[in-house]
Structures are given as C-alpha cells and as structure tokens.
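Colleague: sequence and predicted structure, then a few things I'm wondering about:
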2 protein chains.
Amino acid sequence: MDQENKVANEEGDIECYYGKDMEERIYSQPLLTKRHNTTSQIAIVGANACPVESLDYEHFMYIVDIYKIRENLANIVALSKLFGFEIIGIRNAGVRMGLAVTTALVLMHVLEELAIFGSILCVSAGFVVGKEGPMVHTGACIASLIGQGGSRKYHLTWRWLRYFKNDRDRRDLITCGAAAGVASAFRAPVGGVLFALEEAASWWRSALLWRTFFTTAVVAIVLRAFIQLCSTGTCGLFGEGGLIMYDVSAAKVAYSVPDILAVILLGVIGGIFGSLYNYLVDKVLRTYSIINEKGPAVKILLVVTISLLTSICSYGLPWFATCIPCPIDTTESCPNTDLSGNYKSFQCPPNHYNDLASLFLNTNDDAIRNLLSTSTTKEFHISSLFIFFIAIYCLGVITYGIAIPSGLFIPVILAGAGYGRLIGRLFDPITKLDVGLFALLGAASFLGGTMRMTVSLCVILLELTNDLLLLPLVMLVLLISKTVGDMFNHGVYDQIVKLKGLPYMEAHAEPYMKHLVARDVVSGPLITFSGVEKVGNILHALKTTGHNGFPVIDEPPFADAPELCGLVLRSHLLVLLKGKIFSRDRVLSGDEVVHRISKFDFAKAGSGKGVKLEDLDIKDEEMDMYVDLHPITNTSPYTVVETMSLAKAAVLFRQLGLRHMCVVPKSQGRPPIVGILTRHDFLPEHILGLYPHIRLRK
Amino acid sequence: MDQENKVANEEGDIECYYGKDMEERIYSQPLLTKRHNTTSQIAIVGANACPVESLDYEHFMYIVDIYKIRENLANIVALSKLFGFEIIGIRNAGVRMGLAVTTALVLMHVLEELAIFGSILCVSAGFVVGKEGPMVHTGACIASLIGQGGSRKYHLTWRWLRYFKNDRDRRDLITCGAAAGVASAFRAPVGGVLFALEEAASWWRSALLWRTFFTTAVVAIVLRAFIQLCSTGTCGLFGEGGLIMYDVSAAKVAYSVPDILAVILLGVIGGIFGSLYNYLVDKVLRTYSIINEKGPAVKILLVVTISLLTSICSYGLPWFATCIPCPIDTTESCPNTDLSGNYKSFQCPPNHYNDLASLFLNTNDDAIRNLLSTSTTKEFHISSLFIFFIAIYCLGVITYGIAIPSGLFIPVILAGAGYGRLIGRLFDPITKLDVGLFALLGAASFLGGTMRMTVSLCVILLELTNDLLLLPLVMLVLLISKTVGDMFNHGVYDQIVKLKGLPYMEAHAEPYMKHLVARDVVSGPLITFSGVEKVGNILHALKTTGHNGFPVIDEPPFADAPELCGLVLRSHLLVLLKGKIFSRDRVLSGDEVVHRISKFDFAKAGSGKGVKLEDLDIKDEEMDMYVDLHPITNTSPYTVVETMSLAKAAVLFRQLGLRHMCVVPKSQGRPPIVGILTRHDFLPEHILGLYPHIRLRK
C-alpha cells in the first residue's frame, strides 16, 4: 500500500494512480486524473460523491450543545438553489448557435471553480450536453463551500459556518446540494430527493431524508415564485412550460396487450443501446484523457473539433430532410422562424416545414418537447427520426468528456426520445399508444439502460411530464431496460467512478472476501505512538509516512501492560504540535490542552486549509520533549479481531462510513494492535494484488 | 436483565413486560400485549416491523451457490399484491351500513390470521377506519409466510421457499410486502416504495430499493389490468376513479402571497391537531387495553358501542343540516339516492340535497372525493364542515384500537380534508385557491402532523390526486406540520411501537450514552461453552437460561490460552443435540457434522417451528459425552472493546442490524469475553434502570 497516496486520497485529491506508463494501461486501468483536469468532474458528484467518510469525530471536541443550532443551519444549504437558479434565466436568454465555444473555453479556465458559467455558455453554444450535471455539481460545490466554512480565497467566511466543520455535516450538506441541483435542473423536487438517495449518498439516514426534502421544498417554492415572476416573458426562455417541463398529460393513455408487447420490446432494445452507450462513453473518456494530457492547446482543439462536428450535423443534416406541408389543425405557428418552438422553416417553401431542423436547430429542451408532442403522429418522418437518433447518440457519446462541463441526462433523454418516437412510428399500425408517449417511454428505457436507477428516474420522469396514468408502463420499461443493461455492464456513474480510480467501496462485500480474514489484508509497517510521546518521534513519523491515523498505545507506567489507548489523527497531531504544549518529563498534561487550544482549532478544516507540516516550527531542543496525546486520542476506535471474516469487516467499515479500523489480536501476550485498515485495504485491486489466485478459488 | 424475556422477544413474541400490576402503570409504561391480542397489530408492521435483526448468518451453512436463485425468487413476493388486490373488489361490492359488525367480529376471531377479511367487513360496516393498515399487514404477512417457507398448518409449503430461510431475506420480503400493501391500497406504486423506505424498513440497502420497486411495479401493472377489466362496472365500486383515486387536477392552481400565508396557517394548525390526535390515540389505546383484558364479551361490547356511536353520528348528525338547493351547473345527478356519489338527498325535498349526508352516509372514499371536489365552493356549509370535522376527528380517535383491523391513513385524510375545506371556506374572501385544494392541503397537514413522514406522504398524495402543480404547496404544508408536530410528541407509529413495548432501537444514540462505555451495560451472569463441551452442560444452560447466543471459548489443548472462538445460537445447538453426534472423549469431530446433518436443518425455521427443548431425547449416559461445537460456531462475531463508547456501540449494533455483540476485555490476562450485548441492553429502560441519574448529568 502506497502510504503517500493514501493521505492524498483522504484529503480529496485523486492523483493516486498516476504514473508514466499511463498510455499503455489506459484502457484497462483506472484513469489518472489530476486536480486541474476538468474532464467531467461532475460525474464524481453525480455518483456517490463521498464514498466513505469518517464518523470518528465523536471525541472531546464534539460539542453537544451546538447540535441544535447546527440542525437548523444545515438547511441553509437550501440557498444553493438560488444560485443554480438565476442561472437558468441567464442561460436560456443567450441561446445562440455557433462557435462561441472558444470564448466559453477561455472563460471557463478563468472561472475554473465556477463550472456553472462554463455550462451556461456551453449549453448556449448548442452542444449535445445536459445542464443537470453542472447544476448538481454547483449545488454540491456551494454546499461543500458552506461545509468548510466559506472560502477564504474569495473572502466569503462566516463564523457560524464552523459548526459544519465535521465530516458528517459536510457530507450531508453535499448530498442536499446535489438534491437541490437535480430539483432545480428538472423542476422535480421529489425526484431530487430520490436522486440524492439512490445515486449520490453512499450512507443514508432518516435525518438526511428530511433535510434533503426541506432543501428541495425550498427549491420548489423559489422556483415557483420565479416562474410566476417571469411569466411575462422577461427572463428569456426561462419559465417555459411552468413547473412541468414536458407536459404530455394531454395524451389519452389507453393501452392493451399488443401495446405492452411493443413497450417490452422498446425496453429491451433501450437497455441494449443504453449499455452500449456506457461502453462507448467509457472508451471515449479514456481516449480523451490521453488527448487532454497533451496540453491545453490540444484540449481546445478537441473542443473546437467536436463543436464543428456538432455544427455540421445541426446545419448539414436538415438538408437531407424533405419539406413537409404544415398541418392544418395546429395551434402553433407553422412554419416558424423563431429561436425555439416547433415546425422550423429552414430552407422550405411557405407553408412547409423541415422536420429535422425542428429537432436540430433548437434548444435541447425544445427538441425534447417536440419529440414528446402528442397527437402529431406524422410530424416527423421515420427517416428523419432515424437520422436524428443516430446523430444525437454519437454526438452525445463524443461530447461527454471534452473539456466543458456537461451532464448526461439531457443527451440520453434526447436520444431516447428520438428512438422511442421512431419505434412508435414503426409500430404505428398495431398500437393505439400515441407516438409522444412512445417517445417518453423510449427516453425512460435509455435512462434506465445507462443510469440504472429506478425509483428516482421514475419520479423525475413523472415530474417532467405530468402523466401519472403512464406510471405502470414507465415502471415496466425502467425495470426491463435496467435488467437488460445490468447483463452487460455497470451503470454509467459506477463506470466513471471506477474510471477515475476513486477509492469507492461497494455496498456489498465481494464473494472472495469470505475466504479471507481481516489480518490477511493488513499491510505496510505499523507505526504506533505512546500515550506520552517524544515530539521528535511524532515529527519523524509525520514526515516519513503518509498515514492519516496512528494508534496510541498506553505503556507502563500509564498502564499495567501495553494496551490500545485509541487513535490519533494526523490533522489533530499537527494542531497539537503547533500549540507546543510540551513538557520535559514523561507526564500527563491534564486539562492544559483544553485551556490552551480552542476546540475549534481541531474542527475539520477546509480542503488544503488545515495546519501543514511545513507550518510547524519545532526547535531542536523541543525535539526531545514529550507531548501528551491522551487529550486528542479517540479512545473508542472501531475494532475488529484479526480473525474476523474480511467480508464482515468490509460491511462494518462501509456501513458505518469509517476511515480507519483497528485490527486487534485474538490471542494474548502480543502487541495490542495488529494493524490499521483503511478503505484502500478493502479495494479489489489491493486484495487481488496480495492474493491473485483467490478469485479462482471462488 | 430478565433472560427469560429475552428469548421470548427474540422469537418474535411480545410478552416481555407483562405483569400483574398492569393497570396501575398503564398510562406510563409500555403496554403489555399478548400474542392473541388483536388490537391493531397492524401498527407493528406499519411502523418499523423488524427493528433489529441478525445478519449473523454468514457461517458454514451459508450457501453462496444458491444466492442467484434466491435473488430472483425474492421477487415472487410480488404475488402478494394479487391477494390484497382481489379484496378491494369484494370489499367495495359489499358496502352496507349498519351493525354487520358483530358478524364481522365473530368471523374475525375465526380467521384471526387473515386480518384482511375482518378489514373488508369492518370497512363495509362503515367504521371510520382505513384499509391501508390491513392491506400493509396482509402484504407483510404473506411475505412473512413465504419467508418461513409456507405454512405447515395450512399445508402450503414449497420446497424452494427454504432459500428464504434466513433473517435478511425474510426481512426484505416483509418490507416488499408492506410496500405492495400501500401500493395497492392507494394505487400509489412509487408511494409504496417510499413508504417502505421511510417507515417500514429500519435497515436499508440499495438492493432493497430495487426489489420494492419491482414489487410495486408488478402491483401497478396488475392493478391497471384489473381496472381495465372492471371498467364495465362488474366489480362493484372497485376501479372507480381509475388509477387516480381523488383527481383534483381539474382545478386551476394559481396562488400568491396571501394564499401562501393561509396555507402556512393551515399547516401550523394541522400540525397541532395532528399531534393532539397522536396524544389522544395513545391514551385511548391504553384505556382500551384495560377494557379488552376483561374478556372477549367486553371486547365485543366495546366494538358494538363504537359501532352504535358511529351509526348515531352518521344517521343523526345530518338532521342538523339544512337542505341546500341543487346547483344548476353540476354534471352529477342531484339529489342522489345511490349508495355512493355526491349530493345525497336524505330527508330533503326534491332538487335539494343534504350536505352532511353526502359526507356521512357514504363510503370513506367517496366522502374524501366529495371534500376534494373542486369548483364547488359553496357545496358544503361552514357549519356542516365543522360538525363533520369534529365528529370524524373523535370517531377516528376512538375507533382505532378496538378489536377490528384498521388503518390510520383514511381517517386522518378524512378529518384533514374536512378541516382543510373548512379553513378554505373561512379564508374564501382573501384567497383565490380552490376550496378543494384547501381540502387536499388540510389532509396533507393532518398526515404530516400525525405520521411525520415527508417524502412518502408527498408522493402518495401526488399519486392520489394527480396534481403536480400543487407540489410546492404540499411540500410546504408537510414541512410545517411535521415541524410543529415534532415540538409536541413523536409520530403515531413511533408512539404505538413504544406503547406495545417492542424493543425498538432508535437510529441515533441517546445523548447520555456518550458518558457510558459498553462494559457499563453488560448484565446478567455470562454463560460460556468450551469448544468441545459436555452435553449435560449445554442442556443445563439451555434449560436454565433464555439466552439465544452463547460465546464459545477455546481452551487448552485446543488453544495456547483461553481465547474467544465465536458464538453459537440456541437454535443451532438444539439441531446439533438432536443430531446426537457425541463422542466419549474430548476430541474434535471434524467434518462429521456436515455429513450427518443437512445444511437446511440449520436454516432459520418459521416462528415456533424449529427444534424445541422438549423435542430432545437425551439419555442419561449421553449427558457425560462431549459434543464439538466448532462446526456450528460463528467464528466472526462482531465485537467491541469494553471501553468502547456506548453511543458508538449502539450505532454499530443498529447500523449492522445485529442480535448479539460480544464485549471483549481491553487488558490482557483476563477471560477472553466480558459479556454479550443484545438490543435490550441498549434500550433506555435498561440503561436508565442501571444508572437512574445519568440523564441529569447530561
């Protein structure tokens, strides 16, 4: 186990698997990502942002009294929606086709930390990307910012934010932020809660359900108020469709056995296409990561290429479509030369429209709305739908992962709706179901096939389209496409997490773990401290290892025999050393620490903001002095006996969301600790590296 | 700790707190319930049916190979809906007012295990009770039946059902059954999933989400098919309203600031009334439990009294209402003399209707539908609504808990809708919101105030009423009423669980637990076995204690020093003793056990169906023989060090869903186990019994 990497990972950096021989193993190994790599960091938030975090905060600085205050403040995160919100207005107001992308790119590098602005410009530039990824990311980022007590860099710090300075609250805030992001992107508050539950949170508790619900309720109410305010049309395209973005409730839902068979077929094919999408996205991301490594110029070139391709498709493909006479009974204007809407005129004679142009030369939202439009069976030619589907499917795959912030939902819905409408047209002779509903079911099947979520997708689609009567069919399609997709590969978010090499622990233990015990995977030299330890020893250990937690052993005269006192964290050791409460003799310091160092100094600092090793200024004569570690030792670390089944230890580790777990010996007369397990020790790479043949033993 | 009670509780019996001085402490202590007490057992299923169960099944008889098969079979539970389903048809077909209740009662005692039939008759008899409780109960019961391999009593056993014979699958099945119950009662499949998530499952995992979703999807599809089949009206009242039971989507949702203020007030008052409802239900249940103890005759008398009261209200109160001229523009027939519908004629002259009769002399479903009816502001007099609200509120409180199967949802919705419509009428001059929508929000506020759920209620209401645009207001009302209610007391399900004295562990640790360590709550004499133990000793321990788990200690010559080998379960010991694999000498038996006893004999038996102590026939000469416990010992029990903070130990116990947790010593040279903790040791009663002053220390 590379311990230098270990600390890096626990601090949130994801550089661990970096190496020179990257390109050789790029297609099989996890991707090597650097902090400044902008390639879809969104996905990290979208998918299980905080795989395993610590709950080990329950020691002396845990302040029960402020618990109540914090409870209420946690809801402040709801404000995040305000931010993500104004953006929708601005975004839509500036929808323009073309090559604004280079501007966007430059801007984005300046505003690297505010991905949402990049997103605005990119969606405006007409890429086949979704807005929900950046929205979720923004929500989570703001939440994380609040969680670390504001940003010192941008002079946004508030004193009361320090109450969030612990792992649990920060994680909860991020989950709420992600929920708010989905809620505002899709105007689907309940869907946001469920998305956070099903995809974003790796560790769930009932208080979180209530908090995310509160957050998305605020989002819904503010959203509603803005839509009302904007109903006069002063906010550009924002507010179109009201709270329900793609209303299909006008369609009469009536179906019988042949319709259901058609829908089952739709689900099966959707599942296959969805898993193929995942496969392609994975390969494309790996390819892009090689390209992007070659420098920013190449990166921009890639963006420009994709942008050109998109433009060629958008402006070129409509030429292949034939002009269609306008329907007589439509309430919409036809042909239409507006920026959005249906029945685009393009190059057609009067009273004719170009159906491909209605889909390509439009905002993504409007294209979806057109595809879902009901009672307009013949609006799009079968050939046009086929061209559109192929083009969008390919563009979606190659656009995700270029150096722009992007989401996956919208491209998948777009391709799925096109595919569904196509199937609907093909089945037209034998089915009574409206092609608009087929388009919706197609979108559901693609979503199920790529994301592999069920309940949250179902509710999001429900909230997007407002058609409860279609619920049984949507559930059926989601079930089928997820089942079919699961036969081939993992969900797209799982794939991306794996691709990034994030140390993500599965919720269940792997089968081969049943044949191992906890002791088997303990690795690396164990470094322990005495209850009262020499400053020099501590400093040496901190310098030479990357460990984040050190066991503390009480030895005589502080105990009858050596026994495990607990665990100290690196960050707390640094604060303690900075406080310089040293003594010449090996004695307990008592309450002195509590009086000399504020409790808040021990609170979890923002990423990269805590005391660093370089900040310490320990003089030579202090190196031989002693420091009492008892006041900062967590005396209740979670422990397992060395002979504990590894599978059960993994379940314990994951369920409780630990960072460190102590392995204690079974028999007596041995040192009181065998080793420390971190999440890296539970990863398949580590275990199968130690025991390559275990997978064969079954 | 009373160990005799302990075993009873772990076997699912709930007799533990039984005592002679019951009546004195009835208003403060948990209620003493007996197995044959029919008083709303539903609530147990409705609220966190399986508080803490064992995951400790992972030892030698854990068969990996059958895992796949089981995965698929788990979904069979979906069938439970079929059962709960046919019932709706029958139920509604026989709706008749009156005193059919005595018949119902007799029938119910015969069919004690099939509560749903009682429910059909009781709802038919016009009680103010809900059907969702019994439906959930039925779903869970069928699931539980499948979980224990069918019912031997009713000759419904299948060989393949043995795959479910473990704690985890049985619990998952019950959760799915509960979800199916809600889904079919409210025709709300997504709401069913969320109900199971928020209220029924104490321990959640992602596989469960997918399974409940599958279950409710099947429910939705079958429900849809039956509604289609019944659309000709051949199934009585079933299928009315289609998939959406109370459609309010016709109302135009437009609201501004004064409306929101009115809604906030509605939420606050709803929260107060809701928590008062909980308080009254608690007191009434305690009173009834005294009455019901006096014998079946008194029990029936109580039912008859309540039934008479209900009848008096239903037939008597409408006389106080004045007749109202029929509206001219209605599409419904007015006046109406049908069994259901609106605008009841009652005693009124032609072209007039009695508004109170429309509410009282109707099915509960129709009364709710009438209250939610939109664009009919003046249909009900303010005074009528007031009378109806008071009457239903009181009837709801006193009806829940009599010896009939009942749910809480429908009475609460009924009272809440009445209250909401009343508020709507009062606010009529200053609000533009329809009174029908006010009724819906009133129902939401009452539900939030009593149940204290958020997301699932929100989705259930959404699926019941099909009005997405109202979502922000519904969320707001739920948040407010839950918050207000939480100031006064716990949710009604929590209260009932506490009332029943079920050993339910809260998800979070109590604050005073931070001041204790695991060792502090260990109690009772510890009984341990050697790895190879005398048969007589085991039999004696099984006879004299009620322990369900015993630590096994390896001693020389099997180990260098005494060390903890693991944990054996009572049920496994009984199977082993029945197999009689004894030896004269103290030696290991090796593989013999595996060959002589089938793995399936060790699988968890149905409640009350395993090997019993009385079944053993151990001869005197066998008492001095030895039996090797190693093959049945779980060698990976979860352990905590004795100095572990009790709060953290409780979190561990609860999160992992354990039954036993071993406490091991910290220092060396002592016996290898300090004690065993079960869920009883974590209950406040036990801890505060040991340390009465700890609550004061804070």
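Modeller: Okay, I see it. Residues are numbered from 1 along each chain as shown, chains lettered A, B, ... in the order given.

Colleague: alpha carbons only for contacts and neighbour counts from here, please
Modeller: Noted.

Colleague: residues contacting residue A:485?
Modeller: Listed by Cα atoms under 8 Å, 6 or more residues apart in numbering or on different chains, the contact partners of residue A:485 are A:271, A:272, A:274, A:275, A:448, A:449, A:450, A:452.

Colleague: in a markdown table: these, plus neighbour count, secondary structure and pLDDT.
Modeller: Shown next, in a markdown table, are those (neighbours: other Cα atoms under 10 Å in any protein chain shown; DSSP: H, G, I helix; E, B strand; the rest coil; pLDDT from 0 to 100):
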| residue | neighbour count | secondary structure | pLDDT |
| --- | --- | --- | --- |
| A:271 | 32 | helix | 95 |
| A:272 | 23 | helix | 95 |
| A:274 | 30 | helix | 94 |
| A:275 | 29 | helix | 94 |
| A:448 | 32 | helix | 93 |
| A:449 | 37 | helix | 94 |
| A:450 | 30 | helix | 93 |
| A:452 | 29 | coil | 88 |
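
Colleague: state the pair within those that is farthest apart.
Modeller: The distance between the two most remote of the contacts of residue A:485 (Cα to Cα) is 12.1 Å, for A:272 and A:452.

Colleague: residue A:544: how many residues sit nearby?
Modeller: Residue A:544 has 10 neighbours, counted by other Cα atoms under 10 Å in any protein chain shown.

Colleague: also the one 3 residues further on?
Modeller: Neighbours of residue A:547 under the rule other Cα under 10 Å: 23.

Colleague: what about it, distance to residue A:564?
Modeller: Relative to residue A:564, residue A:547 is positioned 18 Å away (Cα to Cα, to the nearest Å).

Colleague: cool, and residue A:462?
Modeller: As judged by Cα to Cα, residue A:462 and residue A:564 stand 55 Å apart.

Colleague: what of residue A:399?
Modeller: Distance, residue A:399 to residue A:564, by Cα to Cα: 54 Å.

Colleague: and residue A:280, by the same measure?
Modeller: 51 Å.

Colleague: so residue A:550 lies in a strand, does it not?
Modeller: Yes. Under DSSP: H, G, I helix; E, B strand; the rest coil, residue A:550 falls within a strand.

Colleague: let me see the contact set for it.
Modeller: So residue A:550 contacts A:527, A:528, A:529, A:567, A:568, A:569, A:570 (Cα under 8 Å, 6+ apart).

Colleague: the third one is in contact with residue A:542, isn't it?
Modeller: No. Counting by Cα atoms under 8 Å, no contact exists between residue A:529 and residue A:542, whose distance comes to 11.3 Å.

Colleague: which of these two has more neighbours?
Modeller: A direct count of neighbours by other Cα under 10 Å for residue A:529 and residue A:542 places residue A:529 higher, at 20 against 17.

Colleague: what parts of the stretch 501-650 of chain A come near chain B?
Modeller: Residues of the stretch 501-650 of chain A lying close to chain B by Cα under 8 Å from any Cα of the partner chain are A:507, A:561, A:563-564, A:635-641, A:643-645, A:648.

Colleague: now for those residues: which two are most distant?
Modeller: By the measure Cα to Cα, A:507 and A:561 form the most distant pair in these, at 38.4 Å.

Colleague: for residue A:377, which non-adjacent residue is closest in space?
Modeller: Nearest residue to residue A:377, sequence neighbours excluded (Cα to Cα, 6 or more residues apart in numbering or on different chains): residue A:435, at 5.9 Å.

Colleague: cool, thanks, talk later.
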